[in-house]
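K.L.:
Any chance you could fold what I've pasted below:
(chains A and B)
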Amino acid sequence: GAGVSQTPSNKVTEKGKYVELRCDPISGHTALYWYRQSLGQGPEFLIYFQGTGAADDSGLPNDRFFAVRPEGSVSTLKIQRTERGDSAVYLCASSSIRWETQYFGPGTRLLVL
Amino acid sequence: AQSVTQPDIHITVSEGASLELRCNYSYGATPYLFWYVQSPGQGLQLLLKYFSGDTLVQGIKGFEAEFKRSQSSFNLRKPSVHWSDAAEYFCAVGAGGTSYGKLTFGQGTILTVHP
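P.N.:
So this is what the prediction gives:
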């Protein structure tokens, strides 16, 4: 079956602009996770959804970052007033139950100029 | 808060040699432990996981890992490395409580395999 998909695969934007990153989880997976991976680092947790609600958003770095999952499937990570330090690969993962194995997507590479 | 340390940033081995990648974790309760592999241009792929029970766990591609509570370690091993194993490897620990899914990753170990 289809895995986790993320769009776009690459995004180049200018400092101060708004961006949206999309994640399509594996069908039927109730839990969805966002991570950020900076160059040379391991993934860093941002937020996790159980169904439509954010179960844990403790990893969001500041209020410029926001994520939604309105119907419990697709999720969008939104970044306002982008900064050069936001440049990273944004990874999405999904799982069938919250402690179950997470399946990762290929990521969206964001470059803020 | 949990944390993971992978002491080796880069390891080089010859094809056919044995491999051990180190991972140390810090977590107050019984941890959920994972090893993931990331190849260039590929997503993270789960190699193996430890939740409870037998402390020696087998994974895909011939990898295994041993959970040692006394040493707070979860080292990854493979008896004979193949050139296709060249990739970056990440150890991760999962939280308990209300955030089972919140994984904390180490910074990764890059594996180079010489022919």
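
K.L.:
neighbours around B:Ala86, how many?
P.N.:
Counted with other Cβ atoms under 10 Å in any protein chain shown, residues neighbouring B:Ala86 total 17. The C-beta positions use only the backbone N, C-alpha and C, and glycine is treated the same way.

K.L.:
and the closest residue to it other than its chain neighbours, how many neighbours does it have?
P.N.:
Counting by Cβ to Cβ, 6 or more residues apart in numbering or on different chains, B:Ala86 lies nearest to B:Val113, which is 4.5 Å off, once chain neighbours are set aside. Neighbours of B:Val113 under the rule other Cβ under 10 Å: 19.

K.L.:
and if you look at A:Asp63?
P.N.:
Neighbour tally, A:Asp63, other Cβ under 10 Å: 7.

K.L.:
Distance of it relative to B:Leu44?
P.N.:
Remark: distance between A:Asp63 and B:Leu44 (Cβ to Cβ, to the nearest Å) = 28 Å.

K.L.:
I'd like the average pLDDT over stretch B:108-115.
P.N.:
Here stretch B:108-115 scores 96 as its mean pLDDT.

K.L.:
Quick one: residues contacting residue 91.
P.N.:
Since no chain was named, I'll use chain A. Counting by Cβ atoms under 8 Å, 6 or more residues apart in numbering or on different chains, A:Leu91 touches A:Gln6, A:Trp34, A:Tyr35, A:Arg36, A:Gln37, A:Pro43, A:Phe104, A:Gly105, A:Gly107, B:Gly43, B:Leu44.

K.L.:
my question was about chain B
P.N.:
Counting by Cβ under 8 Å, 6+ apart, B:Cys91 makes contact with B:Val4, B:Gln6, B:Leu21, B:Cys23, B:Tyr25, B:Leu33, B:Phe34, B:Trp35, B:Phe74, B:Leu76, B:Phe105, B:Gly106.

K.L.:
Now it. Its backbone dihedrals?
P.N.:
phi -100, psi 140 (degrees, to the nearest 10).

K.L.:
what sits opposite B:Ser14 in the beta ladder?
P.N.:
When assigned by DSSP bridges, B:Ser14 has beta-bridge partners B:His114.

K.L.:
That one and chain A: what is the separation?
P.N.:
25 Å (Cβ to the nearest Cβ, to the nearest Å).

K.L.:
and that residue, what is it in contact with?
P.N.:
So B:Ser14 contacts B:Val81, B:Val113, B:His114, B:Pro115 (Cβ under 8 Å, 6+ apart).
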